[in-house]
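**Student:** Need a 3D model of the following:
(one chain, ligands or ions: 1)
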Amino acid sequence: MALVAVSIHVPTPDDVETGLSQSTSAIEEGADIVEWRIDAWPGMEQAAEAVDELVKNASVPSILTVRSVAEGGEFEGTADDISQLLEAVHATGTCPRYIDLEAPMWLESEALRSAWRDMGEDTGLILSRHDMLGRPGDLLRAMADMSSIEEAAVVKIAWRARSARDSIEAFDVLRTRAKPTIALCMGEAGLPTRVLAGREGAFLSFAAGTGGPTAPGQCSVRDLVSRYRFRELDAETDVFCILGDPIAHSISPIVHNAGFADTGFNGVFMPLPVAPGWESFKATVGVLLEDGGFRLRGLCITLPHKEHALRFVKESGGTISDIAQRAGAANTIVVDEEGGLRADNTDAPAIVETLGIEPSGSRIAILGAGGAARAAVAGLVEAGARVDLFNRTPERAQALVEAMDDHMCTLGDLDELSGYDVILNTTSLGMEGGPDPEANPLESLGLPDWMLEEASVVYECVYAPRNTPLVEAARAAGTTVVTGEAMFLAQARRQFHAWTGLEAPFESWRQLID
Ligand code: NAP
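**Tutor:** Residues are numbered from 1 along each chain as shown. Now for the predicted structure:
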C-alpha cells in the first residue's frame, strides 16, 4: 500500500515547533510519513539538535531532505555540507526512517556516501532526481542507473509536466520499476501522478500540509485522502477528467468525487489543464485513451475545448447525441469498456430544465455567442422558445444564427428590446478570473437596464462568484434570478448518470456547494 507523505518546509532550526504542529494536522488528515524539507539547514547552528527534535517528536516516520536549488529547492551548498549535517545528526543518535539524497550529489561525493552509511541500517536511502523544466531527456536511463545503485532503498524521479502525456509516462516508469519507486510530475498537469500513485504501484505520493506545497502541483493531504480517496483507488478504478484552460476554478472535481463516494462508485475525477487549440486537445485525449491501464471512462469538457470534443468524437467514429450535434459542441464524453466514444451536451437540457419558466412560447435574449450560448440556443429552440442573440462580436452571433438555421433563432435588434421573458447571460463577464469580473454584461453590450425589470427571469450561467454584477442588478430590479449553480448542478447530474448509470446524490451536492 502506497504511503501518503506530507512535505513540510521548515525554514530554520528555530521553526521546529511550527513544523511539528503542521505535521500533527497532516497526520490527523491522513499522512503516513512526513518529509522534513530542511534545505537551508546545513551549516546552521543547532541544526542536528533540531533534526533530532523533529524526528523524535513526529508521531510518524520521517524523511529528511535537503533539496538543492538545481533540483527545485533552496540549498546552495555542497555535498560536503550535507555530509557534515548527517554526521552531526548521527551523533545525536537520531535515525530518520529515510534520507533523500540527490543522485548527482551521491555519485559525486564519497564523503556523502560515507556519512549516509554511518547512519546505519535503520535509515533507508531515497535516491532522487528532479527536473524543474520538463521531462529529463534520459528518463529511462536515469531510472535504470538509480535503480542499479544497491544502497538505494527507493528511487525517486520528479519532473515538471507539460501535458497529460508526462503523467502517462510516469505510470510507465512505475509499471516497469526494478525497486520501490516514486515517479511524480510537477505542475497542474501532473495531478494524476499524485492521485493515482498508489494504484500504479508507487512507494508513496507527496501532498502539502497546512504550510502549503513544497513543489508545484502538490494538492493538500486532505484533498488527496478525502476528495480523491487515494487509499481506495485500485486497478478497477474508473478515471474521469475535466479538460479545459483555465481549470483550477472548476467545482466539477468536488461534486463528482463526492458523488462517487456517496454512491459507492469506484471512480475518481481529476482536473487536467489542456492548452488551447485543437492539436493539444487531440493529443491529450489520444494519449489518455491509448493507455488501457489508465481506465479513462469519461471526460467533462470546458472552455475552450467544447467544439474540439465534438470533433474528436466525430473523427474517432464515435456517436454524437442530437443535442450536441445541434449545439455544435460537447461538454461530455463517455468512454465505454471497448473504448467507444459518445459525445453529449448536458448544458443544453440543464438550461431548459432550470429556466424558471416554460420555454415553449417564451422570448429570450441571449447575451453572448460562445460555447454556452450554443448550448442555450440548441436547447431552448428545441424546447419551443424564440431566442435573439446579442454579442460583442456580431459576426460570431451571425455565424451561430446561420449554423442553427432555424427561424426561432435570430440576431437581436437594438430597436426592439421590449418583450423579453428571460435575459440569459452566457458571456464570461462577471466571472472570477474572467475577462472582466466587475462587468455587467447587459451594460457592456449597450443594452438598457429596464430590460431586467421587464423580464420575468434573469438567468446567469456564470457560477463563480455566485453573486455576479448581473445577479445583483437583477435582484435590485426585483426580478427572479436563476444563478449559475442551478445550471451547473443540473448539467453535472446528467453527466454523472451518463458515466455511472447511477442517480447523482443531488441534495448532498447542493449542500456541498452551498
Ligand atoms: P466562450 O465560448 O469563451 O464565450 C465567451 C463569451 O463571452 C463570448 O460571447 C464573448 O464574446 C463574451 N465575452 C468575453 N469577453 C467579453 C467582453 N470583455 N465583453 C463582452 N463580451 C465578452 O465561453 P463559454 O464556454 O460560452 O462560457 C461562458 C461562461 O459561461 C463562462 O463564465 C462559463 O464558466 C459559464 N458556463 C457555466 C456553466 C454552468 O454549468 N453554470 C456551463 C457552461 C459555461 P465574443 O464572441 O465577442 O468574444
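
**Student:** alpha carbons only for contacts and neighbour counts from here, please
**Tutor:** Will do.

**Student:** Which residue of this structure lies farthest from its centroid?
**Tutor:** Residue farthest from the centre of the chain, counting by C-alpha atoms, centre = their mean, is D415 at 45.1 Å.

**Student:** and the gap between that one and the ligand?
**Tutor:** Using C-alpha to the nearest ligand atom, to the nearest Å, D415 is found at 20 Å from the ligand.

**Student:** One more: A26?
**Tutor:** For A26, the distance to the ligand equals 33 Å [C-alpha to the nearest ligand atom].

**Student:** What's the local residue count around that residue?
**Tutor:** 27 (other C-alpha atoms under 10 Å).

**Student:** any idea where the helices of the stretch 151-300 of the chain begin and end?
**Tutor:** Assigned by DSSP state H, counting those that start in this stretch, the stretch 151-300 of the chain shows helices spanning 164-175, 191-195, 221-222, 252-263, 278-290.

**Student:** Next, the buried residues of the fourth one.
**Tutor:** This points to helix 252-263. Buried residues in helix 252-263, defined by neighbour count with 16 or more other C-alpha atoms under 10 Å: S252, P253, I254, V255, H256, N257, A258, G259, F260, A261.

**Student:** likewise stretch 172-184?
**Tutor:** D172, V173, L174, R177, K179, P180, T181, I182, A183, L184.

**Student:** now stretch 332-346
**Tutor:** Neighbour-count burial for stretch 332-346 flags T332, I333, V334, V335, L341, R342, A343, D344, N345, T346 (criterion: 16+ other C-alpha under 10 Å).

**Student:** Among the buried residues of stretch 172-184, name the ones in strands.
**Tutor:** Mapping those onto strands (DSSP state E) picks out T181, I182, A183, L184.

**Student:** ok, for the last one, nearest residue in space, not its chain neighbours?
**Tutor:** Distance criterion C-alpha to C-alpha, 6 or more residues apart in numbering; nearest residue to L184, sequence neighbours excluded, is A158 at 4.7 Å.

**Student:** so who does that neighbour touch?
**Tutor:** The contact partners of A158, taken as C-alpha atoms under 8 Å, 6 or more residues apart in numbering, are R129, H130, D131, I182, A183, L184, C185, M186.

**Student:** of all those, which two lie farthest apart?
**Tutor:** Maximum pairwise distance in the contacts of A158, criterion C-alpha to C-alpha, is 14.0 Å, between D131 and I182.

**Student:** which parts of this protein sit against the ligand?
**Tutor:** When proximity is defined as C-alpha under 6 Å from any ligand atom, the chain approaches the ligand at 303, 347, 368-373, 391-393, 396, 426-429, 431, 435, 444, 461-463, 484-485, 487-488.

**Student:** ok, of those, which come out buried?
**Tutor:** 303, 347, 368-373, 391, 396, 426-429, 431, 461-463, 484-485, 487-488.

**Student:** measure the residue nearest the centre of the chain to the ligand for me?
**Tutor:** In the chain, the residue lying closest to the centroid (C-alpha atoms, centre = their mean) is P271, at 2.9 Å. According to C-alpha to the nearest ligand atom, P271 and the ligand sit 15 Å apart.

**Student:** With G211 instead?
**Tutor:** Distance of G211 to the ligand, computed by C-alpha to the nearest ligand atom: 30 Å.

**Student:** How about the contacts made by that residue?
**Tutor:** G211 makes contact with I8, H9, Q22, according to C-alpha under 8 Å, 6+ apart.

**Student:** coming back round to it: how about the buried residues of stretch 332-346 in TSV, adding distance to R326?
**Tutor:** Below are those laid out as TSV (distance: C-alpha to C-alpha, whole Å):
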residue	distance to R326
T332	14
I333	16
V334	18
V335	21
L341	18
R342	15
A343	12
D344	10
N345	9
T346	12
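
**Student:** Now the stretch 151-300 of the chain against the ligand: closest residue?
**Tutor:** Using C-alpha to the nearest ligand atom, the single residue of the stretch 151-300 of the chain nearest to the ligand is S250, 8.4 Å away.

**Student:** What sits closest to that residue if chain neighbours are left out?
**Tutor:** In space, S250 is closest to P271, 7.8 Å off (C-alpha to C-alpha, 6+ apart).

**Student:** And L101, by the same measure?
**Tutor:** Looking at L101 with C-alpha to C-alpha, 6+ apart, the closest residue is L127, at 5.3 Å.

**Student:** just to revisit the earlier point, among the buried residues of stretch 172-184, which pair sits farthest apart?
**Tutor:** K179 and L184 (15.6 Å).

**Student:** got the domain boundaries for the chain?
**Tutor:** The chain breaks down into these domains under automatic domain parsing: 3-235, 239-345, 349-482.

**Student:** Quick check on the nearest residue in space to L191 that is not next to it in sequence: phi, psi?
**Tutor:** Excluding its sequence neighbours, the residue lying closest to L191 (C-alpha to C-alpha, 6+ apart) is G217, at 6.6 Å. Backbone torsions of G217, given as degrees, to the nearest 10, read phi 90, psi 0.

**Student:** tally of neighbours for G217?
**Tutor:** By other C-alpha under 10 Å, the residues close to G217 number 20.

**Student:** returning to what we had before: so which of the buried ones among the residues of the chain next to the ligand are in helices?
**Tutor:** Taking DSSP state H as the definition of helices, those contribute D347, G371, A372, A373, R396, G484, E485, M487, F488.

**Student:** Could you pull up the residues touching the nearest residue to the fourth one once chain neighbours are set aside?
**Tutor:** Just to be clear, that refers to A373. Once flanking residues are discounted, A373 sits nearest to T426: 5.5 Å by C-alpha to C-alpha, 6+ apart. Listed by C-alpha under 8 Å, 6+ apart, the contact set of T426 reads I366, L367, G368, A369, G370, A372, A373, E460, C461, V462.

**Student:** so which of those comes closest to S109?
**Tutor:** Within the contacts of T426, the smallest distance to S109 is 56.9 Å, found for V462 (C-alpha to C-alpha).

**Student:** Quick check on the residue of the stretch 151-300 of the chain closest to the ligand: phi, psi?
**Tutor:** Main-chain dihedrals, S250, degrees, to the nearest 10: phi -70, psi 140.

**Student:** Do you know the pLDDT at H249?
**Tutor:** pLDDT recorded at H249 is 82.

**Student:** Tell me who's in contact with it.
**Tutor:** A464.

**Student:** Go again with 10 Å.
**Tutor:** By C-alpha atoms under 10 Å, 6 or more residues apart in numbering, H249 lies in contact with P271, E432, G433, A464.

**Student:** residues near the last one, how many?
**Tutor:** Which is A464. 19.

**Student:** just the second one next, same as before
**Tutor:** Burial measure for E432: 17 neighbouring residues, criterion other C-alpha under 10 Å.

**Student:** pretty sure R135 is in contact with D166, am I right?
**Tutor:** Yes. Judged on C-alpha atoms under 10 Å, R135 makes contact with D166 at a distance of 7.3 Å.

**Student:** number of nearby residues for the residue lying closest to V334 once chain neighbours are set aside?
**Tutor:** Spatial nearest neighbour of V334, chain neighbours left out: G298 (4.6 Å); criterion: C-alpha to C-alpha, 6+ apart. Burial of G298 is recorded as 26 neighbouring residues (other C-alpha under 10 Å).

**Student:** Run through the bridge partners of G298.
**Tutor:** The residues listed as beta-bridge partners of G298 by DSSP bridges are F240, V334.

**Student:** what residues are up against it?
**Tutor:** 238-242, 269, 289, 332-336, 341-343, 495-496, 498-500.

**Student:** do the same with S148
**Tutor:** A142, V155, A178, K179.

**Student:** for H308, helix, strand, or coil?
**Tutor:** Following DSSP: H, G, I helix; E, B strand; the rest coil, we place H308 in the helix state.

**Student:** doesn't W278 make contact with it?
**Tutor:** Yes. If you go by C-alpha under 10 Å, H308 and W278 touch, sitting 5.9 Å apart.

**Student:** Pick out whichever of these two has more residues nearby.
**Tutor:** Comparing H308 with W278 by neighbour count (other C-alpha under 10 Å), the higher total belongs to H308, at 22 against 17.
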